[in-house]
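Enquirer: Just need the structure, nothing else, for what follows:
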Amino acid sequence: MQPTPDPIPDPSPRRPAARGHVLVVDDDPTVAEVVTGYLTGAGYEVARASNGPAALEQYAARRPDLAVLDLMLPGMDGFEVCRRMRAQGPVPVIMLTARGDEDDRILGLETGADDYVTKPFSPRELVLRVDSVLRRARAAATPPGRPALLEGAGLVLDPAARSATFAGRALALTLREFDLLAFLLRHPGRVFTREELMRGVWGWDFGDLSTVTVHVRRLRGKVEADPARPELIRTVWGVGYRLDLPPDGPADPTVPVAPTAPTDSGSGAPA
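Expert: Below you'll find the model as predicted:
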């Protein structure tokens, strides 16, 4: 009997599966090349676009797992590109821009951005942020089971359905606003620093702490009777934030309350 020949080895190297598909949109070829190189080196598959229409074409052809989107694009800015992407379905977005004004951060977050990175930036840090945003987005999309509802002060959050209501009306929350409110509802009465919220909600050990401040402000605008005099998401001045749940349901906005610490000033400090 002739011996069975050994199988001929495949000379072509087998590439490991990509960690995800990322769309990089930037009209600066140097920035786009550097970002693409670092993401590719980290194991991501990357597509590139240099303007808004091209980005939307790439998005329609193959929806990415995440988009790194420059704000200052020719013709159609990053805000509009983000809006149009979000209109077709949820996709994590990291805004990449040279503009660091708070108004731009707020508008970027309102249009559905999950993170905001200001140029100049560290490419390694951007990769870590991509890792973090994707990890949390995937965990939110595929919960391990049907978690219990989170309730208090007229708020009802369904973590599995990613839906929220306040006093019976639906709340339009971004991904991070939902995560922040859910985190606070799981720990009522406990004070958290902005660093602790950044780790617990965003999963970051670094980054611009004003991101937390902006999200708190946006969330207050949706759940407080008077966002300038918050009764639910309180500021503990010099420390951070605390969610207070009234024992008998939501606070009555007609009842006078004692003055609280100043609200967010935009300086980045807790407010």
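
Enquirer: only C-alpha atoms for contact and neighbour calcs from this point on.
Expert: Fine.

Enquirer: Touching, residue 114 and residue 175? I think so.
Expert: Yes. Using Cα atoms under 8 Å, residue 114 makes contact with residue 175 at a distance of 7.1 Å.

Enquirer: Neighbour count for the two, which is higher?
Expert: Comparing residue 114 with residue 175 by neighbour count (other Cα atoms under 10 Å), the higher total belongs to residue 114, at 24 against 19.

Enquirer: give the contact list for the more buried one.
Expert: Contact partners of residue 114, counting by Cα atoms under 8 Å, 6 or more residues apart in numbering, are 92-95, 133, 175-176.

Enquirer: Top of the residues you listed by number of neighbours, please.
Expert: When the contacts of residue 114 are compared by neighbour count (other Cα under 10 Å), residue 93 ends up highest, at 28 neighbours.

Enquirer: can you give me the offset of stretch 189-198 from its chain's centre?
Expert: For stretch 189-198, the distance between its averaged C-alpha position and the chain's averaged C-alpha position is 17 Å (Cα atoms, centre = their mean, to the nearest Å).

Enquirer: For that stretch, list every residue counted as buried.
Expert: For stretch 189-198, burial by neighbour count (16 or more other Cα atoms under 10 Å) applies to 189, 191-195, 197-198.

Enquirer: Would you mind measuring the gap between the ends of that stretch?
Expert: Length of stretch 189-198, first residue to last, Cα to Cα, to the nearest Å: 18 Å.

Enquirer: Residues touching that stretch, excluding its own?
Expert: The list of residues contacting stretch 189-198 from outside it, by Cα under 8 Å, 6+ apart, reads 180, 204-205, 209, 212-213, 236, 239-245, 270.

Enquirer: those helices in the stretch 101-250 of the chain, which residues are they?
Expert: Counting by DSSP state H, counting those that start in this stretch, the segments of the stretch 101-250 of the chain that form helices are 102-110, 123-141, 175-186, 194-197, 210-223.

Enquirer: where does the stretch 1-150 of the chain have low pLDDT?
Expert: For the stretch 1-150 of the chain, applying pLDDT under 70 flags the ranges 1-17, 99-112, 140-147.

Enquirer: Got a quick ChimeraX command for the buried subset of the contacts of stretch 189-198?
Expert: For the buried members of these, the matching ChimeraX selection, counting by 16+ other Cα under 10 Å, is:
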select :180,204,209,212,213,236,240,241,242,243,244,245,270
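
Enquirer: Now the two most distant members of the contacts of stretch 189-198.
Expert: 205 and 245 (28.4 Å; Cα to Cα).

Enquirer: re the thing from before, any chance of CSV for the contacts of residue 114, columns distance to residue 31?
Expert: As requested, those are exported to CSV (distance: Cα to Cα, whole Å):
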residue, distance to residue 31
92, 20
93, 17
94, 15
95, 13
133, 20
175, 27
176, 27
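
Enquirer: for those residues, which one is nearest residue 168?
Expert: When the contacts of residue 114 are ranked by distance to residue 168 (Cα to Cα), residue 175 comes first, at 20.2 Å.

Enquirer: From residue 91, how far off is the closest one?
Expert: 10 Å.

Enquirer: gap between residue 113 and residue 27?
Expert: As defined by Cα to Cα, residue 113 lies at a distance of 19 Å from residue 27.

Enquirer: Counting neighbours around each, name which of those two comes out higher.
Expert: For residue 113 versus residue 27, neighbours defined as other Cα under 10 Å are more numerous around residue 113 (26 against 18).
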